[in-house]
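Novice: any chance you could fold what I've pasted below:
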Amino acid sequence: MQFQVPQYIDIEDKVIGPFTIKQFFYILVAAVVLFILYNLVNLFVLILLAIPVCALTFALAFVKVNNQPFINVIKNFLGFVKKPDFYVWKKPTIQKKTEERVPQIIKKTPPKKKMKPILKQKLQEIGWKIEIEK
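Specialist: Numbers count the residues shown, from 1 in each chain. Coordinates of the predicted model:
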């Protein structure tokens, strides 16, 4: 029995026209906000407020930074601003002693006596003695 292996699992399904569910909701929320602004303010203020709302909606719905959704970029930015990590490397300070160091005199010791290599004949004699004593 053969099974079909799913491919392209990292791509979201296009549910509503050419948009995914997330993209559709971002656009829907922006449309609702713009509709409310249209009823509350005059045309000039509406245009001034609509430009950032549309830009943010476009970024949230379609822009990816390093293959991550733009909402993740905003979350990471807000987390960084909320709690910035600031690391300072402090070079360890070495306390200088007031005493001056006096150079030490190291005496050379004569090398230990080297062992003379055992001759082949001596090894044979030792071998004979071991065999005989057994």
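
Novice: model confidence over the host helix or strand of residue 128, on average?
Specialist: Assignment of secondary structure by DSSP states H and E places residue 128 within helix 120-133. The predicted model gives helix 120-133 an average pLDDT of 81.

Novice: could you list the low-confidence segments of this structure?
Specialist: Scanning the chain for pLDDT under 70 picks out 84, 95-101, 114-118, 134.

Novice: show me where it has strands.
Specialist: When secondary structure is read from DSSP state E, the chain shows strands at 64-65, 68-69.

Novice: give the pairing partners of the last one; include direction for each.
Specialist: In this case it means strand 68-69. strand 64-65 (antiparallel) (DSSP bridges).

Novice: now the helix holding residue 128, how far from the chain's geometric center?
Specialist: Helix 120-133 sits 69 Å away from the centroid of its parent chain (CA atoms, centre = their mean, to the nearest Å).
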